[in-house]
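**Student:** Fold the following.
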Amino acid sequence: MLITKPRRKISKPDMIPLIDVVFLLLIFFMLTFAIQGQGMDLSLPKGQSDETQVEESLVVKIVNDQKIMINDETVALESFREEMKKKISGRTDKTVVIEAKQKTRYGVFAKVLDYSRLAGAEGFSIVK
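**Tutor:** Numbering: from 1, shown residues only. Below is the predicted model of the structure:
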């Protein structure tokens, strides 16, 4: 019985996919390459700058138990709610920045926060 050795198949790398990729890259770079002088001249209209006034933050400083300041204007705790309502009524930004010292009593801080909310404040930032 004669058994022959099977012939070994010689494999070569397939170059066709590589050539396809190279041609696709060539086309991509040709289409995206900007040539000097290529393009269109545009005359765009001049825009008008809309100068809007930026609202100053509404800052409430708690100085002591009976003295509170709204934007550097001293207000008593009893009349705080009415003054705050006047200040907030014409504003678009209804965020209040509350600045309190570390030794501020919690009851006073809670009243200021509550009165501000009842006066129309929608957001709060607390500063130490």
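**Student:** all contacts plus neighbour counts: C-alpha atoms, from now on.
**Tutor:** Noted.
**Student:** shouldn't residue 121 be in contact with residue 94?
**Tutor:** Yes: taking Cα atoms under 8 Å as the definition, residue 121 is a contact partner of residue 94 at 5.0 Å.
**Student:** Identify the contacts common to the two.
**Tutor:** Common neighbours of residue 121 and residue 94 are listed as residue 88 (criterion: Cα atoms under 8 Å, 6 or more residues apart in numbering).
**Student:** Distance check, residue 29 against residue 18.
**Tutor:** Relative to residue 18, residue 29 is positioned 17 Å away (Cα to Cα, to the nearest Å).
**Student:** longest helix anywhere in the chain?
**Tutor:** Secondary structure assigned by DSSP state H gives helix 16-32 as the longest helix of the chain.
**Student:** what mean pLDDT does that one have?
**Tutor:** For helix 16-32, mean pLDDT is 91.
**Student:** got a list of contacts for it?
**Tutor:** So helix 16-32 is contacted by nothing (Cα under 8 Å, 6+ apart).
**Student:** Could you point out the helix or strand that follows it?
**Tutor:** Per DSSP states H and E, the first helix or strand lying C-terminal to helix 16-32 is strand 58-62.
**Student:** Residues touching that following strand, excluding its own?
**Tutor:** 68-71, 95-101, 104, 109.
**Student:** Redo those residues as CSV? Include pLDDT, distance to residue 5 and neighbour count.
**Tutor:** Output for these, formatted as CSV (pLDDT from 0 to 100; distance: Cα to Cα, whole Å; neighbours: other Cα atoms under 10 Å):
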residue, pLDDT, distance to residue 5, neighbour count
68, 87, 103, 23
69, 88, 102, 19
70, 88, 100, 19
71, 86, 99, 14
95, 87, 89, 19
96, 89, 91, 23
97, 90, 91, 18
98, 89, 92, 21
99, 89, 93, 17
100, 85, 94, 19
101, 81, 95, 13
104, 83, 98, 13
109, 87, 96, 17
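**Student:** Done for today, thanks.
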